[in-house]
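Chemist: coords below, sequence missing:
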């Protein structure tokens, strides 16, 4: 078993973690530019994430 094959079960968790950290850093950067912009960016990213989740077919 290669090291990459051991990481395959963790792939969904890593994807969620990377997206979450990326959105948090983007919102923090927007907040540094202008504080209300950080909250707007956080709200838009939550709406976008929910739209992506809603478009997925349900798992059985």
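Modeler: Yep, it's here. Since we're looking at a predicted model, the values are computed, not measured.

Chemist: And residue 17, how far from residue 37?
Modeler: 24 Å (C-beta to C-beta, to the nearest Å). All C-beta atoms are positioned from the backbone trio N, CA, C, and that covers glycine.

Chemist: Quick check on those two: which one has the bigger neighbour count.
Modeler: For residue 17 versus residue 37, neighbours defined as other C-beta atoms under 10 Å are more numerous around residue 37 (14 against 11).

Chemist: Please name the nearest non-neighbouring residue to the more buried one.
Modeler: Closest residue in space to residue 37, ignoring its immediate chain neighbours: residue 30 at 4.4 Å, by C-beta to C-beta, 6 or more residues apart in numbering.

Chemist: same check, this time on residue 45
Modeler: Residue nearest to residue 45 in three dimensions, not counting chain neighbours: residue 23, with 4.5 Å by C-beta to C-beta, 6+ apart.

Chemist: neighbours of that neighbour, just the number please.
Modeler: 17.

Chemist: Toward the C-terminus, what is the element adjacent to the host helix or strand of it?
Modeler: According to DSSP states H and E, residue 23 maps onto helix 11-33. Using DSSP H and E, the helix or strand that follows helix 11-33 in sequence is helix 35-55.

Chemist: Go through that following helix and flag the buried ones.
Modeler: 38, 41, 42, 45 (16 or more other C-beta atoms under 10 Å).

Chemist: Next: stretch 15-33.
Modeler: 23, 27, 30, 31.

Chemist: What pLDDT is listed against residue 38?
Modeler: pLDDT recorded at residue 38 is 93.
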